[in-house]
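K.L.:
Sequence below, structure please.
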Amino acid sequence: MITSLRLINFKPFENQLLEFRPLTLLSGLNSSGKSSILQSLSLLRQSYQQDLLSKTGLALNGNLVNIGTAQDALFEDAKEDLIGFDIVWENGIKGIWRFKYDQELDVLNLNSEPVDPKVYVSSLFSNKFHYLQAERIGSRTSYNMSEFSVIQMKEIGTKGEYTAHFLSLNEYKNIPNSKLSHPNVKTSKQAFSDPETKSYDLIDQVEAWMGEISPGTRFKVAPKPEVDLVSMQYSYGDSKPYRATNVGFGISYTLPIIVAVLSSEPDTLILLENPEAHLHPKGQSKIGELLALAASCGVQIVVETHSDHVLNGIRLAVHDGKIKPEDVGLYYFQRVEKEEQLVTEVISPHINRHGRIDRWPDGFFDEWDKNLEALLEPVTE
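P.N.:
Next up is the predicted model:
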């Protein structure tokens, strides 16, 4: 599990250290640097997958993230022509990478000593990894299959595009963490001999957690290997099946998150952008609770969000003893003026065992309070 990340001369950061927890939440104004944290980890992973990181350098463009050229990656007021990343894991192993800056290149040459080979067996570089971007795939009548991503890498794609394929292969496998089992999960489809048997099958758990967002949701996945596609239909209770294109976007946007979380073994690393997209408030809060539960089971999650409901779902999980407060890290990114320049400043509020937060910087999920105060002001005719 990653315990800290330092960014040097990368995008809005000259030298920024972040302490990571099992669950780390990134929030703040748009274009304040939140996504740069996830991008830095993704750059290292995709460079490793391209067989560049250990001896050649950093690939700025690939299947996980596309930065552009070196000038798009370098901190604007950098005093040195280099970009660096330092990562420390809980076992004390460190990865220190420095890359030379060349304005026109999109592969930056390595300019540091080789790291400990043990670094490359961590979740960041293994098949215990998921990265779900903010722009996920919407409703489709069919979805692509990928033997490499799903079978070899055990991934569902950065846009969730292989979720249906992943689900079709793993729907009757038990979820790795029984603690994530939904309290109202139905009886297993396979447990005909014992109708009281509680199901830990992935498909049943996914349907139960999806029921928090859209009650009664059922899934039917049908692989069509002759055309490398998987079809997906939805139903509600005992209703007729519906095409995926005839259900709300919130379902297709949330399904990859639930599948990724429920299928993850301990020591998996999940990077997640905007889990609240297309979700109603209760659903957002339940996603926050699920993320907290997963983090308490050894899955490390770094989530970028603008949702106070996701935050409150996490706070409630702390309040209810489902995750320890010290296992939750909160960061707020803001732009402040220093020496007539706007720079990114990172503030880290703390949460206590009651789910209460010690300080609320201006802009940190406080818009409702501000609006309420405005609405309660005396009206003068």
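
K.L.:
can I assume residue 271 sits in a strand?
P.N.:
Yes - judged by DSSP: H, G, I helix; E, B strand; the rest coil, residue 271 forms part of a strand.

K.L.:
Does residue 250 lie in a helix or a strand, and which?
P.N.:
Residue 250 belongs to helix 249-263 when assigned by DSSP states H and E.

K.L.:
So what angle separates the directions of that helix and strand 269-273?
P.N.:
Put simply, helix 249-263 runs at 170 degrees to strand 269-273, going by axes from the mean of the first three to the mean of the last three C-alpha atoms, to 10 degrees.

K.L.:
Who are the packing partners of helix 249-263?
P.N.:
Secondary-structure packing of helix 249-263 (3 or more C-beta pairs under 8 Å, 6 or more residues apart in numbering; DSSP states H and E): strand 129-132, helix 163-170, helix 202-210, strand 269-273, helix 281-296. Backbone N, C-alpha and C define where each C-beta goes, glycine included.

K.L.:
quick one, which of those is nearest to residue 122?
P.N.:
strand 269-273 (8.0 Å; C-beta to C-beta).

K.L.:
which stretches of the stretch 1-150 of the chain have low pLDDT?
P.N.:
By pLDDT under 70, the stretch 1-150 of the chain has no low-scoring segment.

K.L.:
one step back: among the helices and strands packed on helix 249-263, which comes closest to residue 323?
P.N.:
Nearest of the helices and strands packed on helix 249-263 (C-beta to C-beta): helix 281-296, 4.2 Å.

K.L.:
Give the pairing partners of the following helix or strand past that closest one; include direction for each.
P.N.:
Counting by DSSP H and E, the element after helix 281-296 in chain order, helix or strand, is strand 300-304. Paired strands of strand 300-304, with direction, are strand 23-28 (parallel), strand 269-273 (parallel) (DSSP bridges).

K.L.:
before we move on, back to that, which parts of the helix holding residue 250 are buried?
P.N.:
Neighbour counts using 16 or more other C-beta atoms under 10 Å place 250-263 of helix 249-263 among the buried residues.

K.L.:
I'd like to know the average pLDDT value across stretch 351-362.
P.N.:
Stretch 351-362 carries an average pLDDT of 89.

K.L.:
Nearest the geometric middle of this structure, what residue?
P.N.:
Ranked by distance to the mean C-alpha position of the chain (C-alpha atoms, centre = their mean), the top residue is residue 272 at 1.5 Å.

K.L.:
can you pull the contacts of the residue lying closest to residue 128 once chain neighbours are set aside?
P.N.:
In space, and not counting its chain neighbours, residue 128 is closest to residue 268: 4.2 Å by C-beta to C-beta, 6 or more residues apart in numbering. Residue 268 makes contact with 123, 128, 129, 130, 299, 300, according to C-beta atoms under 8 Å, 6 or more residues apart in numbering.

K.L.:
Repeat that for residue 107.
P.N.:
Listed by C-beta under 8 Å, 6+ apart, the contact set of residue 107 reads 52, 56, 57, 58, 59, 60.

K.L.:
just these now: which is nearest residue 67?
P.N.:
Nearest to residue 67, judged by C-beta to C-beta, of the contacts of residue 107 is residue 60 at 4.2 Å.

K.L.:
Neighbours of the closest one, how many?
P.N.:
23 (other C-beta atoms under 10 Å).
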